[in-house]
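Colleague: dropping a prediction and its sequence here:
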Protein chains: 2
Amino acid sequence: MSGRGRVPSGQPTIADVARHAGVAVSTVSYVLSGKRAISELTRNRVLASVRLLGYHPNAGARALASRRANVIALVLPLRSGIQVPVVMQFATAVVTSARSHDHDVLLLTSDEGPQGLHRIAAGALVDGVLVMDVELHDVRVPLLRELGRPSVLIGLPADTDGLTCVDLDFHRAGQVCVDHLAGLGHRRVALLGAPAAVYDRGTGFAHRTRAGVVEAAARHGVEAVTMPCEENAAEVHSRVVELFARQPELSGLVVQNEAAVGPVQAALAALGRRVPDDVSVVAVCPDQFAEHASPRLTSVPVPAEEIGRQAVSLLMRKLQDEPTPQVTLLEPRLTVRDSTASATATSAAYDARAAAR
Amino acid sequence: MSGRGRVPSGQPTIADVARHAGVAVSTVSYVLSGKRAISELTRNRVLASVRLLGYHPNAGARALASRRANVIALVLPLRSGIQVPVVMQFATAVVTSARSHDHDVLLLTSDEGPQGLHRIAAGALVDGVLVMDVELHDVRVPLLRELGRPSVLIGLPADTDGLTCVDLDFHRAGQVCVDHLAGLGHRRVALLGAPAAVYDRGTGFAHRTRAGVVEAAARHGVEAVTMPCEENAAEVHSRVVELFARQPELSGLVVQNEAAVGPVQAALAALGRRVPDDVSVVAVCPDQFAEHASPRLTSVPVPAEEIGRQAVSLLMRKLQDEPTPQVTLLEPRLTVRDSTASATATSAAYDARAAAR
DNA sequence: GGACGCTGGCGAAGCGCTTCGACAAACCGT
DNA sequence: ACGGTTTGTCGAAGCGCTTCGCCAGCGTCC
């Protein structure tokens, strides 16, 4: 009789489809995967049955048989102090483009650490791994090298050997900001950067931006001071004060800290420095922030979407054993808005007003 | 010879472990799952082999055989205009607590829509679904009801019949804010709420907070005006101006819009209204924001972590066919910081200064 | 007109795991 | 001393899918 029968799952299986269409199971499989030629006639019969029965292949079975889960892991830095909106944009872009490659996304947090990566990869839950917020000397990098699964890093570790990395070219971004300011005639500029912890942690983008700023400043013969900056209003205020104490004639400011953008504007206002009349501000931050500020900020946006897409597409390529470049750096573009102005036209504005008081 | 052999995967299988430990495959399985009694001796031998070989069960095979993927789906609202940091906190909490229940998290975006939910569920990729940012009349709700997989909603739709929902009690939160202000003697208060689009969309928390504010104000005999508010600085500023135009003696402000918190403070400062001397401000926002503002804000935090944990734990309970309450509302707690003060002590401060000018 | 190559389709062998029933062996009460 | 439990282990049957090898039927080419 029934013997040891288990309860059927309820969902139609490929066998149901095959029976309904009057073909073999393998035929259904080939219709669905397109891996062998199937006559128009048969294909249509099968597809009709699929639709009629509402068939969806069982992911586990498929993964088991094909040795591909069609899932990629996304390791997000869910620690605090991180630029949350950018991360979110990444995540969205990654999910969306993974779907367009017929893959789903498994979310991992950094704090499960290497353990998690190993578990996931060894258990064949995912075919590949996307790691965000990579540090210069990231503990996960050696692990990724010997993981036995393709991986793509978002961010640049010190040693990219044997890896695939994507990121905005933050070095160029720093340069571009200073180029813009210098082009407007500003001779004293400053970088208000990420929180000190981010530099200490050895996060690549912060260091690279700073280097770019410093280098471009030197090239233009412009004085540059750089300073880390925490993300609360009070701290931002005192940093700005400190900046002007160290460099009273400062007229160009690069801000790379989206959380600080608002407070910086408030602090400048409080100090009686008008933007862009007295000081020009360039931000490295998502466009959304730059647009919503007032005045709207000249900015170099972090193209989170595009980086996410690139990362996924590189990973897909690796999944098919195609070769990929070791490092992909996206060219930054600077969008001019209302927070930067020529220095010559207004250079003495603040001093004049100050003297008048 | 080799016949039709495929390449072995490289990873050790349960059979390798069994062989190495000198037991049957099923014994290894029972050791690992704990579903049958196994002698201390055998268990240890097996576990030793597991560690030695670095065995990790194959997720696909496990899912296929056990009909449980040990994965839950998290549907995030990755559209814009959403309170990003809160979402992120949710996600973290969900991932972390899912892991503590031995589950992983698959990330879905709302914009794949009902399609995505269906695909995931029908394909047995996930055992259950967590949906965030549920609207009052959410299109996904009917789908969830007939999905055939357990689900938990974060947020409250209009009709919760047959569902399991968790959320902060925003109605109470609104009340609590007004209670606090009224207790301090403020007689005219205002709610600066979410962007108009959020109300229009029928998002529960916005409406519920407003209702709570209005109700508590009525109870206290306090005048209340409520106003939606976009998230950019300029808009916030004009809203604040408008507020004081409509209600010149306004002395208590409830802000439910984390992105507006900073700008609100800036706007008040710009208008010469000091916090808390002239106007008390209560925010409904993550603690982190409230702490970083200056002055630090009295606030009702959205306990994203706890909601996330609760949601996961409810889902786990459903996965085991245990009954769950239809609606779980978390009690808001108000944290008093530096942005609220007694109205009586300072009520006329602003007017006095204004008159003096 | 027989050897040949294509096309389109079928059958069956797994993929690695869980779980059910069977069954020795050890333990119990009487 | 003997039936009845309990405890610990094993073997084997799938879970639903992919993929390999095979073959029937047909048109082709000397």
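Modeller: Yes, it's here.
Colleague: which residues of the stretch 51-200 of chain A fall in strands?
Modeller: Applying DSSP state E, counting those that start in this stretch to the stretch 51-200 of chain A gives strands spanning A:71-76, A:104-109, A:128-131, A:151-154, A:165-168, A:188-192.
Colleague: mind putting those strands into a markdown table with distance to chain B?
Modeller: To be clear about C-beta, it is placed using only N, CA and C from the backbone, and glycine gets the same treatment. A markdown table is the format used below for these (distance: least, C-beta to the nearest C-beta, whole Å):
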| stretch | distance to chain B |
| --- | --- |
| strand A:71-76 | 7 |
| strand A:104-109 | 4 |
| strand A:128-131 | 11 |
| strand A:151-154 | 15 |
| strand A:165-168 | 19 |
| strand A:188-192 | 16 |
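Colleague: can those go into a markdown table with extra columns for mean neighbour count, mean pLDDT and distance to DNA strand C?
Modeller: A markdown table is the format used below for those (neighbours: other C-beta atoms under 10 Å in any protein chain shown; pLDDT from 0 to 100; distance: least, C-beta to the nearest atom of the strand, whole Å):
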| stretch | mean neighbour count | mean pLDDT | distance to DNA strand C |
| --- | --- | --- | --- |
| strand A:71-76 | 25 | 95 | 16 |
| strand A:104-109 | 24 | 95 | 18 |
| strand A:128-131 | 25 | 96 | 18 |
| strand A:151-154 | 26 | 96 | 21 |
| strand A:165-168 | 24 | 96 | 31 |
| strand A:188-192 | 25 | 96 | 52 |
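Colleague: compare those and give me the one nearest residue A:22.
Modeller: Checking the strands of the stretch 51-200 of chain A against residue A:22 by C-beta to C-beta gives strand A:104-109 as the closest, at 32.3 Å.
Colleague: OK, contacts around the residue in the stretch 151-300 of chain A that DNA strand D sits nearest to?
Modeller: The stretch 151-300 of chain A approaches DNA strand D most closely through residue A:151 (22.0 Å), counting by C-beta to the nearest atom of the strand. By C-beta atoms under 8 Å, 6 or more residues apart in numbering or on different chains, residue A:151 lies in contact with A:128, A:129, A:130, A:131, A:144, A:163, A:164, A:315, A:318.
Colleague: for the first one, which residues count as its bridge partners?
Modeller: Put plainly, it is residue A:128. Judged by DSSP bridges, the bridge partners of residue A:128 are residue A:72.
Colleague: re earlier: tell me which of the contacts of residue A:151 is nearest to DNA strand D?
Modeller: Proximity to DNA strand D was ranked across the contacts of residue A:151 by C-beta to the nearest atom of the strand; first place goes to residue A:128, at 16.7 Å.
Colleague: you'd agree the closest one is up against residue A:148?
Modeller: No: counting by C-beta atoms under 8 Å, residue A:128 stays clear of residue A:148, with 10.7 Å between them.
Colleague: isn't residue A:185 right up against residue A:340?
Modeller: No: using C-beta under 8 Å, residue A:185 is not in contact with residue A:340, being 10.8 Å away.
Colleague: of those two, who's got more company?
Modeller: Shown here are residue A:185 and residue A:340; by other C-beta atoms under 10 Å in any protein chain shown, residue A:340 has more neighbours (26 against 17).
Colleague: now do the more buried one, the pLDDT please.
Modeller: Residue A:340 carries a pLDDT score of 96 in this model.
Colleague: that one belongs to a helix?
Modeller: No: using DSSP: H, G, I helix; E, B strand; the rest coil, the secondary structure at residue A:340 is coil, not a helix.
Colleague: any chance of the strands of the stretch 51-200 of chain A in a markdown table, plus distance to residue B:110?
Modeller: What follows is these, written out as a markdown table (distance: least, C-beta to C-beta, whole Å):
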| stretch | distance to residue B:110 |
| --- | --- |
| strand A:71-76 | 17 |
| strand A:104-109 | 14 |
| strand A:128-131 | 21 |
| strand A:151-154 | 23 |
| strand A:165-168 | 26 |
| strand A:188-192 | 35 |
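Colleague: between the ones you listed, which gets nearest to residue B:74?
Modeller: With C-beta to C-beta as the criterion, residue B:74 lies closest to strand A:104-109 of the strands of the stretch 51-200 of chain A, at 6.9 Å.
Colleague: any idea how chain A splits into domains?
Modeller: Annotated domains of chain A cover A:14-57, A:71-168+A:304-328, A:170-302+A:335-356 [automatic domain parsing].
Colleague: so which of those domains gets nearest residue B:105?
Modeller: Comparing the domains of chain A under C-beta to C-beta, the one sitting nearest is domain A:71-168+A:304-328, at 4.7 Å.
Colleague: quick one: end-to-end length of the closest one, please.
Modeller: One end of domain A:71-168+A:304-328 to the other measures 23 Å (C-alpha to C-alpha, to the nearest Å).
Colleague: roughly how far is it from the heart of the chain?
Modeller: 10 Å (C-alpha atoms, centre = their mean, to the nearest Å).
Colleague: so how far is stretch A:276-284 off the chain centroid?
Modeller: Relative to its chain's centre, stretch A:276-284 lies at 25 Å (C-alpha atoms, centre = their mean).
Colleague: pLDDT weak spots in the stretch 251-357 of chain A?
Modeller: A:345-357 (pLDDT under 70).
Colleague: and the residue in it that DNA strand C sits nearest to, how far is that from DNA strand D?
Modeller: Residue of the stretch 251-357 of chain A nearest DNA strand C, by C-beta to the nearest atom of the strand: residue A:319 (18.3 Å). Note on residue A:319: its distance to DNA strand D, by C-beta to the nearest atom of the strand, to the nearest Å, is 13 Å.
Colleague: what's the burial count for that residue?
Modeller: Neighbour tally, residue A:319, other C-beta under 10 Å: 17.
Colleague: now do the one 4 residues further on
Modeller: With neighbours defined by other C-beta under 10 Å, the count for residue A:323 comes to 8.
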